[in-house]
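*Asks:* No letters, just coordinates:
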Ligand SMILES: [Zn+2]
């Protein structure tokens, strides 16, 4: 597969700290402008540096290797005068935080979070610190909290599972969300979202056509207490769709999707809850009056502590003319299954 965008060439020297990283960005993308005072001022426009460029620069600058570990991030922070603190706070929605106090900067992450989530949190907080430090050089209008939050999550995902490395990996291993998560030691959500991100800007090498994939991640919210002692139900957490399908489909419309084969019918939700890993070879995907032949792979993640039920279910759907899911099913050892009827 080819990717239609390429990362910028490296210009790294021997940088060390997050401050130096900010200085490099400003020197690369800032401009010396004489605004009439006679002495030119360095003006940096943050909008000239996209989150994806910032993430690529960060990876090159700190020469990151993968999977990216908590220890490596802590080393970068400590080397930059940023103290990383494990927070014991429970029950708060925020997964991390950062602050500056008496000239010192602190990053917090939740001690009880899984390691992949801790790495994500530290990267998220680092982005907010970088954003703040870049402000010092910028003639910036303050950006809204929600935009910075969204960009911080995007930055964290791109640094944890970088598109260029994902592309290399999937060219060898196929569109395997579970394997991708293992390779980059990230969350299933990051693996799925980043895979879709890469496929959205890629084309098949032989045909130059886009790579259409619908991906869904269902999770059992095991962190939620259930007074009856029963496991919480699987709930849809993430939905991605790459270009190349002849229809648009939004998350709120997923309930109108159905699958058909030999007179049998099944909904997406039922597929997720069926309890089996499946490969559906050439079934009809129906939505909004259209019928499209597709392949479907349903893969499960089980935890040793809850062996009886999957805690995560990944569903991937691709048009039947793309052989990629057939290869994935073969890698998982899945035989092609018949579609079952709804209970
Ligand atoms: Zn934040």
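*Replies:* Sure, I can see it. From a predicted model like this one, the values you see are computed outputs, not experimental measurements. Numbers count the residues shown, from 1 in each chain.

*Asks:* List the buried residues of stretch 326-333.
*Replies:* 326, 328, 329, 332 (16 or more other C-beta atoms under 10 Å). Where C-beta positions appear, they are placed from N, C-alpha and C, glycine not excepted.

*Asks:* Repeat that for stretch 177-195.
*Replies:* Neighbour-count burial for stretch 177-195 flags 177-181, 183-195 (criterion: 16+ other C-beta under 10 Å).

*Asks:* what are the ranges of the helices in the protein?
*Replies:* Using DSSP state H, the helices found in the chain span residues 18-29, 51-61, 70-79, 115-135, 145-160, 163-173, 177-184, 188-200, 268-273, 324-332.

*Asks:* got the angle between the longest one and helix 70-79?
*Replies:* Here helix 115-135 points in a direction 30 degrees away from that of helix 70-79 (axes from the mean of the first three to the mean of the last three C-alpha atoms, to 10 degrees).

*Asks:* If you count contacts, what does helix 115-135 end up packed against?
*Replies:* Contacts defined by 3 or more C-beta pairs under 8 Å, 6 or more residues apart in numbering; DSSP states H and E place helix 115-135 against helix 18-29, helix 70-79, strand 82-87, strand 96-101, strand 104-110, helix 145-160.

*Asks:* now do the shortest one
*Replies:* Other elements packing on helix 268-273 under the criterion 3+ C-beta pairs under 8 Å, 6+ apart are strand 214-219, strand 258-261, strand 290-301, strand 312-319.

*Asks:* Give me the contacts around that helix.
*Replies:* Helix 268-273 is contacted from outside by 216, 218, 233-234, 236, 254-255, 257-259, 278, 296, 298, 313, 315, 342-343, using C-beta atoms under 8 Å, 6 or more residues apart in numbering.

*Asks:* same thing but at 6 Å, please
*Replies:* For helix 268-273, the external contacting residues (C-beta atoms under 6 Å, 6 or more residues apart in numbering) are 218, 234, 254, 257, 298, 313, 342.

*Asks:* Turn those residues into a markdown table, columns for distance to residue 161 and pLDDT.
*Replies:* Shown next, in a markdown table, are the contacts of helix 268-273 (distance: C-beta to C-beta, whole Å; pLDDT from 0 to 100):
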| residue | distance to residue 161 | pLDDT |
| --- | --- | --- |
| 218 | 20 | 97 |
| 234 | 24 | 92 |
| 254 | 25 | 97 |
| 257 | 27 | 97 |
| 298 | 22 | 96 |
| 313 | 20 | 96 |
| 342 | 35 | 66 |
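
*Asks:* which of those residues count as buried?
*Replies:* Among the contacts of helix 268-273, those classed as buried by 16+ other C-beta under 10 Å are 218, 234, 254, 257, 298, 313.

*Asks:* Which two among those are spaced furthest apart?
*Replies:* Using C-beta to C-beta, the two most remote members of the buried ones among the contacts of helix 268-273 are 234 and 257, lying 16.4 Å apart.

*Asks:* Would you quantify the distance from the residue most central in space within the chain to residue 125?
*Replies:* Central residue of the chain (C-alpha atoms, centre = their mean): residue 190, 2.8 Å from the mean position. Using C-beta to C-beta, to the nearest Å, we find residue 190 at a distance of 16 Å from residue 125.

*Asks:* what's the domain layout of this structure?
*Replies:* Domain assignment for the chain by automatic domain parsing gives 2-160, 206-332.

*Asks:* What about residue 132, how many residues nearby?
*Replies:* 14 (other C-beta atoms under 10 Å).

*Asks:* Does residue 73 touch residue 122 like I think?
*Replies:* Yes - judged on C-beta atoms under 6 Å, residue 73 makes contact with residue 122 at a distance of 4.8 Å.

*Asks:* Need the overlap of contacts for these two.
*Replies:* With C-beta under 6 Å, 6+ apart, residue 73 and residue 122 have no common neighbours.

*Asks:* sorry, back to before: I'd like to know which of the helices and strands packed on helix 115-135 is closest to residue 204.
*Replies:* Across the helices and strands packed on helix 115-135, closest to residue 204 is helix 145-160 (C-beta to C-beta), at 23.4 Å.

*Asks:* helices or strands up against that closest one?
*Replies:* Here helix 145-160 touches helix 51-61, helix 115-135, helix 188-200, going by 3 or more C-beta pairs under 6 Å, 6 or more residues apart in numbering; DSSP states H and E.

*Asks:* least reliable of those helices going by mean pLDDT?
*Replies:* Note on the helices and strands packed on helix 145-160: lowest mean pLDDT is at helix 115-135, with a mean of 92.
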